[in-house]
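Trainee: here is my input; please provide its structure:
(2 chains)
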Amino acid sequence: MRIAGFLLLLAGWGIVLSAIALLRPASPIAGFVTAGTGVEVLGLVLVIRSHRLIRRERR
Amino acid sequence: MTHAPVPGLSETATALCVLLIFLVPLAAAGLSLINAGLGRSRSAAHSMLSSLAVLAVAVLVYFLCGFSWQGFAAGPAHVVTVAGKAWNWIAAEPFFFGGVPRGGSAASLVALLQMLSVGLAALIPLGAGTDRWRLGAACASTALLAGCTYPLFAHWVWGGGWLAQLGVNCGLGRGFLDAGGAGCIQAVGGITAWSIACILGPRRGKYGVDGAPAAIPGHNAVLVLLGCFLALLGWFGLNCAGSILFAGAAPAAVAGVAIDTMLAAAMAALAAAAITRARFGRPDASLCANGWVAGLVASSAACAFLTPAAAVLTGLVAGALVTFSVEWLDIHLGVDDPAGSISVHAIGGIWGLLALGIFARIPGDSGQFAAQLVGVATLLGFVLPLTYSLNWLLNRFYPQRVPAEGERQGMDLYELGAGAYPEFVIHREDLTQG
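Mentor: Numbers count the residues shown, from 1 in each chain, chains lettered A, B, ... in the order given. A predicted model of the protein is given here:
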């Protein structure tokens, strides 16, 4: 779960990078940046959940 | 690879910058005192020595190789071209400060400020690892920060890298802006603090078998609050020098930057005091100190671009955020962060970056918020995984946490052989002799 979270973080950043590298200035870069950040937030939630699960298992 | 002339500064701006940069070590002193004061008394000397040691390691590693990756705006750099856009991704400076022209050039001022800034970033994770992070491991982790993570991100923002180019290449405002280091210093340090806190795990006795956290109060509130005063002076230097060197502010604008910095810190501390007073019946000293520093942190990004009213709003949100975030991390996530480094520096720093996009009034700034969001996305999507994996790998080869015996004895006795407050130990012979 933690690895999946980190992969999502990287994937979100990939979306952001792709948008700014490939789209023209007039294109909706901001929308893709927001979407990429949203994917990162999902990844962060997964990483946090995995941390909580590991803690619970250790107890 | 590109070469361009180093931008110059007037003599007045150079002299002012040097004076302001000389204030920055006070921020390091402030953070060290806060970290030591919020830890246990039996680890106080270890905490202060760790601060000095990681500062030294950070400066030396940055001198060895860090600055050669980071460089300065208009310095030599490697460029990659994608879809017709040229992106500057890493500097190409010689090692050992070889490419820094002396004689008061802007590049030499940048190098001086950056040496102190990387040290400041390295101090932040110490607060999260208080009472259980081995000295050697802290130094090794600092070497990774100063030699890899920090220079990369700082080049992208301050060295004319791809984040700074977002305005020119994509029409996103003036590109990613961070005058005083809310992202480069604070958020990078705070994200490293989160990685360290997760890898080390909580202190022994922090959580019961049912998962409920026990309160382990800091051992010296006076040190913590004195640290806040020193941090204010250091932040004046950091924000004002950063505004001149990285945001193109005129020397005359320094007073406005300092006003914004002070207002944000004051409002954040009052917000933390009001919230803790409303929730717990009395203001909490450690959370008020965290609020104060969070206000300073949040002011760093936008200090050169805010109106005083916007600075107050930025501080208000930072103070509220840090109060709830400390509790959320401690109780709900089980992340033991004795000095509140993650909340203050990571969350406060990210809020400061976004506040610039929301409140700053920059001519032709359409798309500035999107540029700030790209920077935040880079912190979360690149810096966080990189920092976590580097420290996780380090932990596999060189365990970062002190053994249980060390925690029981206290870091002072276990790693240094002597405590910070030896006269507080009650000796049997003192009681028996007349």
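Trainee: residue numbers of chain A in contact with chain B?
Mentor: A:6, A:9-10, A:12-14, A:16, A:20-23, A:25-26, A:29-30, A:33-34, A:36-37, A:40-41, A:43-44, A:48, A:51-52, A:55-56, A:59 (C-beta under 8 Å from any C-beta of the partner chain). No exception for glycine: its C-beta is placed from N, CA and C like everyone else's.
Trainee: just the buried members of those?
Mentor: By neighbour count, with 16 or more other C-beta atoms under 10 Å in any protein chain shown, those hold A:6, A:9-10, A:12-13, A:16, A:20-21, A:23, A:29-30, A:33-34, A:36-37, A:40, A:43-44, A:48, A:51, A:55 as buried.
Trainee: find the nearest non-adjacent residue to residue 13, please.
Mentor: No chain was given, so I picked chain A. Nearest non-adjacent residue to residue A:13, counting by C-beta to C-beta, 6 or more residues apart in numbering or on different chains: residue B:381, 2.6 Å away.
Trainee: actually, chain B is the one I wanted.
Mentor: Among residues not flanking residue B:13 along the chain, residue B:251 sits closest, at 4.9 Å (C-beta to C-beta, 6+ apart).
Trainee: now residue B:40: how far from residue A:49?
Mentor: Distance, residue B:40 to residue A:49, by C-beta to C-beta, to the nearest Å: 30 Å.
Trainee: can you pull the contacts of whichever residue of chain B sits closest to chain A?
Mentor: Using C-beta to the nearest C-beta, the closest approach of chain B to chain A is made by residue B:381 at 2.6 Å. Counting by C-beta atoms under 8 Å, 6 or more residues apart in numbering or on different chains, residue B:381 makes contact with A:9, A:10, A:12, A:13, A:14, A:16, A:36, A:40, A:43.
Trainee: contacts for stretch B:317-335?
Mentor: A:48, A:51-52, A:55, B:194, B:197-198, B:202, B:207, B:211, B:213, B:264, B:267-272, B:275-276, B:287, B:290-291, B:294-295, B:297-298, B:336-337, B:340, B:342-344, B:347-348, B:351-352, B:355.
Trainee: next: stretch B:403-412.
Mentor: By C-beta under 8 Å, 6+ apart, the surrounding residues in contact with stretch B:403-412 are B:40-47, B:131-132, B:134, B:203-204, B:402, B:414-415, B:418-420.
Trainee: in what helix or strand does residue B:48 lie?
Mentor: helix B:44-61 (DSSP states H and E).
Trainee: and that helix, what does it pack onto?
Mentor: When contacts are defined as 3 or more C-beta pairs under 8 Å, 6 or more residues apart in numbering or on different chains; DSSP states H and E, helix B:44-61 packs onto helix B:24-37, helix B:106-128, helix B:135-144.
Trainee: can you do 10 Å?
Mentor: Contacts defined by 3 or more C-beta pairs under 10 Å, 6 or more residues apart in numbering or on different chains; DSSP states H and E place helix B:44-61 against helix B:24-37, helix B:106-128, helix B:135-144, helix B:150-158, helix B:221-246, helix B:411.
Trainee: buried set for it?
Mentor: Residues of helix B:44-61 classed as buried by neighbour count (16+ other C-beta under 10 Å): B:44-51, B:53-55, B:57-59, B:61.
Trainee: now stretch B:76-83
Mentor: Neighbour-count burial for stretch B:76-83 [16+ other C-beta under 10 Å]: B:76, B:77.
Trainee: chain center to that stretch, what's the gap?
Mentor: In terms of C-alpha atoms, centre = their mean, to the nearest Å, the gap separating the centre of stretch B:76-83 from the centre of its chain is 29 Å.
Trainee: show residues contacting that stretch.
Mentor: Under the contact criterion C-beta atoms under 10 Å, 6 or more residues apart in numbering or on different chains, stretch B:76-83 has outside partners A:17-18, A:20-24, B:1-4, B:68-69, B:71, B:86-94, B:99, B:155, B:159-162, B:165, B:169.
Trainee: so of those, which ones are in strands?
Mentor: Counting by DSSP state E, the part of the contacts of stretch B:76-83 found in strands is B:86, B:87, B:88, B:89, B:90, B:91.
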